[in-house]
Each structure stands twice: as C-alpha cells, then as structure tokens.
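Visitor: with the input below, show me the fold.
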Amino acid sequence: MVARSCSFGLGQVLILGKTGVDWPPTIDSLRTIRLATSASFSFLEPMEVSAMRATCSLVLTLCFLAGTAFAGETASVERDLAAAKRLLELPEASEEEYAQVEGTWELVQDTDEAKGERRVKTHRAGKTTVTVYGADGQIIGRHNSEYKLKKSGMARIFVFFNIVPATGPSKGREFPGPFYYTYSARDNRFIEAYGLLKGDDRSPRMIFWRRGKNGDASP
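Guide: All right, here's what the predicted structure looks like:
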C-alpha cells in the first residue's frame with residue numbers, strides 16, 4: 001500500500017503505510033494503527049509513551065473525522081450522479097429549445113467566483129466546448145462534453161456527460177458523469193442554476209452568460 005498524502009505529518013503517514021491501512025480508515029483499521037503504535041513505543045520512557053499515545057489518540061480522532069467527511073462528500077457526489085441518470089429518463093426538450101441553446105456564449109458572472117479569466121462556451125449539435133483564456137488572450141483551459149436537454153413541468157434541465165479535458169494534466173481523460181443544472185436560454189442570455197431542484201442539496205449557484213455578436217464570442 002502506498003501511504004496517502006495528508007496533513008498529519010510524515011510520522012503519521014509512515015504509520016499508515018507500515019500498518020497497511022487504506023484511506024479513509026475504517027474502525028478496524030484505526031484499531032490496527034493503535035495496536036501498531038502501542039507496540040512501537042515499548043522502547044520509550046513511561047512519560048514519553050504517555051505523550052506519544054496522547055498524540056496518536058488525537059491523530060486517530062482526526063483521521064476518523066477526515067475519513068467521515070470524505071465519505072460524506074463521496075456520498076453527495078454519488079447522489080448527484082444518480083439524480084442526473086434519472087433526469088436522462090425525462091422527456092426531451094423540443095427542437096426549438098435546442099435551437100435557443102445552440103451558439104457561443106461568454107461568461108458574464110459566476111456567483112461562486114470573483115471575475116477572473118475570460119470563459120467562453122459553445123453548444124452545437126449536442127456537443128459543448130468550454131474555453132478559458134488568460135489575461136494575455138492565450139488559451140489556458142479547454143474541455144469538451146456532450147449534452148441533452150430535458151424538461152419537467154416548467155423546469156428545463158441541462159444534462160451533460162462524457163467530459164474530456166483538452167488541456168492540462170487530465171488531457172484526454174474522460175469523466176463520464178452525467179452531471180446537470182437547470183437553465184434558461186432566451187433574449188441572448190443563458191443562465192445556469194444549481195441547487196434549485198427538489199432533492200438537489202448543492203449550494204445555490206448561478207452562472208450568467210451572454211450570446212456573442214452574431215452568435216459568436218470568439219476573441
């Protein structure tokens with residue numbers, strides 16, 4: 001087993017590696033660490049043993065809490081994926097609604113981020129390309145994906161999947177998804193909204209885009 005990188009320091013990482021405990025640790029694996037560390041302290045003075053055991057108890061508590069948080073985050077992601085898969089079963093949007101989405105859009109505002117790099121996305125024939133530009137106008141990020149438009153009552157839902165980065169360390173790697181957000185596309189404005197559907201426990205977030213001149217937002 002390769003010891004995972006964590007914020008508990010080199011000693012604790014080596015203990016995890018030596019005892020063969022995976023990450024996040026389970027209750028049984030935490031007991032394994034406790035037994036291993038107790039045996040390793042046999043050469044120390046009593047006061048040193050007491051101090052080391054207190055330190056390890058704190059480390060084990062932190063490991064348990066971190067593992068619980070990690071498991072909670074993983075469960076949340078799995079719920080999002082399951083919800084997106086169910087959304088794919090909803091009725092398809094009309095051809096007119098697909099036409100309203102198609103074209104090139106430029107970022108105006110993301111409520112989760114301060115205004116930063118220029119971001120442009122293009123939706124065409126069920127495929128999306130998102131490009132990020134640096135201050136000098138050079139491309140610093142790009143990824144491609146596929147999408148379907150779904151509807152449920154008055155809600156319009158954008159489901160995207162098969163995301164493939166075209167730049168960076170994950171270039172060429174596919175992230176199948178699916179993922180989703182609710183949207184509105186009209187009057188040359190495109191709005192992405194997260195955390196609004198029933199059962200969607202993501203924090204509310206909205207991203208505003210405007211259509212480029214003549215449908216194009218190229219630099």
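
Visitor: contacts only, for Gly134.
Guide: 117, 140 (CB atoms under 8 Å, 6 or more residues apart in numbering). Just so you know, the C-beta spots here come from the backbone N, C-alpha and C atoms, and that holds for glycine as well.

Visitor: next one: Gly172
Guide: By CB under 8 Å, 6+ apart, Gly172 lies in contact with 164-165.

Visitor: what helix or strand is it on?
Guide: Under DSSP states H and E, no helix or strand contains Gly172.

Visitor: just so I have it, where are all the helices in the protein?
Guide: According to DSSP state H, the chain carries its helices in the segments 10-18, 27-40, 46-87, 95-101.

Visitor: so what's the residue nearest to Ser145 when sequence neighbours are not counted up against?
Guide: Among residues not flanking Ser145 along the chain, Ile163 sits closest, at 4.3 Å (CB to CB, 6 or more residues apart in numbering). Taking CB under 8 Å, 6+ apart, we find Ile163 in contact with 143-145, 174-177, 179.

Visitor: please report the distance of Ile163 from Asn144.
Guide: 7 Å (CB to CB, to the nearest Å).

Visitor: any idea how far the nearest residue to Gly199 once chain neighbours are set aside is from Thr111?
Guide: Excluding its sequence neighbours, the residue lying closest to Gly199 (CB to CB, 6+ apart) is Ala83, at 6.5 Å. Ala83 sits 21 Å away from Thr111, going by CB to CB.

Visitor: next: Gly168.
Guide: Distance from Gly168 to Thr111, by CB to CB: 25 Å.

Visitor: isn't Ser203 up against Thr111?
Guide: No: using CB atoms under 8 Å, Ser203 is not in contact with Thr111; the gap is 9.8 Å.
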